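>>> The sequence isn't on hand, but the structure is:
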Ligand SMILES: NC(=O)c1ccc[n+]([C@@H]2O[C@H](COP(=O)([O-])OP(=O)(O)OC[C@H]3O[C@@H](n4cnc5c(N)ncnc54)[C@H](OP(=O)(O)O)[C@@H]3O)[C@@H](O)[C@H]2O)c1
């Protein structure tokens with residue numbers, strides 16, 4: 001049994017539902033999903049309603065009472081308001097995990113107050129919905145046992161790396177924004193596939209399998225990225241012509257800029 005016996009997730013949107021779904025399926029903690037309105041709770045119930053450890057409510061206050069771990073998954077502009085609502089119901093040693101982008105530990109501490117309440121600022125990417133997330137986090141006022149328990153709870157749905165807070169923006173740009181660029185790459189390949197005679201859906205499907213195979217190779221082989229490229233680019237062959245065209249069209253520079261630009265004011 002986790003040291004977090006009752007976990008409340010506030011916000012039943014994309015992120016909150018993905019996290020609550022992962023927790024309810026993979027832990028024996030009581031998981032309470034709270035949302036201000038009923039629509040999204042009903043959607044969640046349709047998928048996870050059979051789990052005996054799940055509670056659904058529109059009453060955020062009662063949800064938080066007795067919870068040792070509270071996940072805030074509302075939009076950043078709503079964080080302050082939600083914290084004001086839950087503050088009177090927090091236990092002295094509760095842990096708050098916030099996934100609201102851009103609201104760092106010092107902002108959260110200012111809103112929450114007592115240093116005895118543990119804080120985790122966590123930025124997942126959307127692949128957490130399928131148990132393949134890349135999530136970064138930073139924390140304050142939380143001991144190793146409580147951090148280990150968070151690792152354990154989130155492990156079935158995401159890789160979780162605790163990093164220095166100064167790197168959270170960079171991590172967000174690389175992996176939370178970056179996932180969109182992977183979709184754009186696949187969509188561009190699908191468009192090319194149509195010109196070559198496949199339907200869009202066929203080409204997208206085939207190329208998605210190709211990307212998935214490439215990531216599996218990267219993860220399983222000892223070769224560097226350049227060695228993997230070299231292994232496909234026979235001198236004088238077809239692939240090197242395409243790789244060099246990518247370079248001539250500025251592919252590397254465009255990807256670098258796409259990751260760096262979101263961090264510029
Ligand atoms: N999507 C991503 O890639 C991503 C990545 C990292 C972090 N995040 C963070 O995750 C958080 C949630 O994003 P999302 O994509 O899941 O948004 P979303 O799908 O729009 O869901 C937001 C949820 O918050 C609820 N909510 C909004 N205002 C509220 C309030 N004042 N009190 C109580 N509940 C309120 C909404 O309730 P209703 O159903 O009543 O509207 C909705 O269920 C954001 O802070 C975002 O920065 C998202």
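The structure has been received and is ready for your questions. Because the structure is a prediction, the values reported are computed rather than measured.
>>> ok, how many other residues are close to the closest residue to the ligand within the stretch 1-150 of the chain?
Closest to the ligand within the stretch 1-150 of the chain is residue 13: 1.7 Å, counting by CB to the nearest ligand atom. C-betas here are computed from N, CA, C, even on glycine. Residues contacting residue 13 under the criterion other CB atoms under 10 Å number 12.
>>> Then the one 3 residues further on?
Neighbouring residues of residue 16 were enumerated by other CB under 10 Å; the total is 22.
>>> For the stretch 151-265 of the chain, what lies in contact range of the ligand?
residue 176 (CB under 6 Å from any ligand atom).
>>> quick one: residue 8 is in a strand?
Yes: under DSSP: H, G, I helix; E, B strand; the rest coil, residue 8 falls within a strand.
>>> That one bridge partners, please.
Counting by DSSP bridges, residue 8 forms beta bridges with residue 32, residue 70.
>>> Next up, the contacts around it.
Going by CB atoms under 8 Å, 6 or more residues apart in numbering, residue 8 touches 31-34, 63-64, 67, 69-71.
>>> how does it look with 10 Å?
20, 30-34, 55, 57, 60, 62-72, 86, 89, 94 (CB atoms under 10 Å, 6 or more residues apart in numbering).
>>> State the phi and psi torsions of residue 93.
Here is the backbone geometry of residue 93 (degrees, to the nearest 10): phi -110, psi 30.
>>> Does it touch residue 67 like I think?
No: contact between residue 93 and residue 67 fails when scored by CB atoms under 10 Å: they sit 11.4 Å apart.
>>> thought the residue of the stretch 1-150 of the chain closest to the ligand was touching residue 72?
No: with contact defined as CB under 10 Å, residue 13 does not reach residue 72; the gap is 11.6 Å.
>>> per-residue confidence at the residue nearest to residue 233 when sequence neighbours are not counted?
Spatial nearest neighbour of residue 233, chain neighbours left out: residue 240 (4.2 Å); criterion: CB to CB, 6 or more residues apart in numbering. On the pLDDT scale, residue 240 is placed at 98.
>>> Also residue 2?
87.
>>> how much space between the closest residue to it other than its chain neighbours and residue 92?
Beyond its immediate neighbours in the sequence, the residue positioned closest to residue 2 (CB to CB, 6+ apart) is residue 29, lying 5.0 Å away. Relative to residue 92, residue 29 is positioned 20 Å away (CB to CB, to the nearest Å).
>>> same thing with residue 168?
Distance from residue 168 to residue 92, by CB to CB: 27 Å.
>>> higher neighbour count, the two?
More neighbours surround residue 168 than the other of residue 168 and residue 92, with 20 against 7 (other CB under 10 Å).
>>> Show me what counts as buried in stretch 158-176.
Residues of stretch 158-176 classed as buried under the neighbour-count rule (16 or more other CB atoms under 10 Å) are 158, 160, 168, 171-176.
>>> With stretch 137-154 instead?
137-142, 146-147, 149-150, 153-154.
>>> Grab the nearest non-local neighbour of residue 74.
That would be residue 11: by CB to CB, 6+ apart, it lies 4.0 Å from residue 74.
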